[in-house]
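K.L.:
A predicted structure for the sequence below; I have some questions about it.
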Amino acid sequence: MLSESAAAGDRLQTLRDLRDLLAQQIQSCDSLRDLSSLSGRLQAVLAEIADLEPKKAEGDGVDEIAARRAARRSSPTKGSTRAKRSS
């Protein structure tokens, strides 16, 4: 997986594969010296992944209310007046 994503040039997927590999190595690590090094590298990889991942749009409360209202208006629920009229 890691070599395939690296060869494809997909930086984000390569980092994700590296994250998984580091996590596996940490699980099976017996040396405290190696554990420290692996843990530090894992933290760095996680930070890089967070920087590269698309940011999720966060709206305020008004946006959330407007979205709920739009959803209610576009899809009538069972038993609503609007649903009865269209039947």
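P.N.:
Sure, I can see it.

K.L.:
Tell me which other helices or strands the biggest helix by length in the chain touches.
P.N.:
As assigned by DSSP state H, the longest helix anywhere in the chain is helix 32-52. Packing partners of helix 32-52 (3 or more C-beta pairs under 8 Å, 6 or more residues apart in numbering; DSSP states H and E): helix 11-27. (Each C-beta comes from the backbone N, C-alpha and C, glycine too.)

K.L.:
Any regions of this protein where pLDDT drops low?
P.N.:
By pLDDT under 70, the weakly predicted segments of the chain are 57-59, 75-87.

K.L.:
so what's the spatially most central residue of the chain up against?
P.N.:
For the chain, the residue nearest the mean C-alpha position is residue 53 (7.5 Å; C-alpha atoms, centre = their mean). If you count contacts by C-beta atoms under 8 Å, 6 or more residues apart in numbering, residue 53 has them with residue 12.

K.L.:
again, only this time at 10 Å
P.N.:
Taking C-beta atoms under 10 Å, 6 or more residues apart in numbering, we find residue 53 in contact with 12, 15-16.

K.L.:
Check the gap between residue 22 and residue 51 for me.
P.N.:
Applying C-beta to C-beta, to the nearest Å, the value for residue 22 to residue 51 is 17 Å.

K.L.:
And those two? Which one has more around it.
P.N.:
residue 22 (20 against 10; other C-beta atoms under 10 Å).
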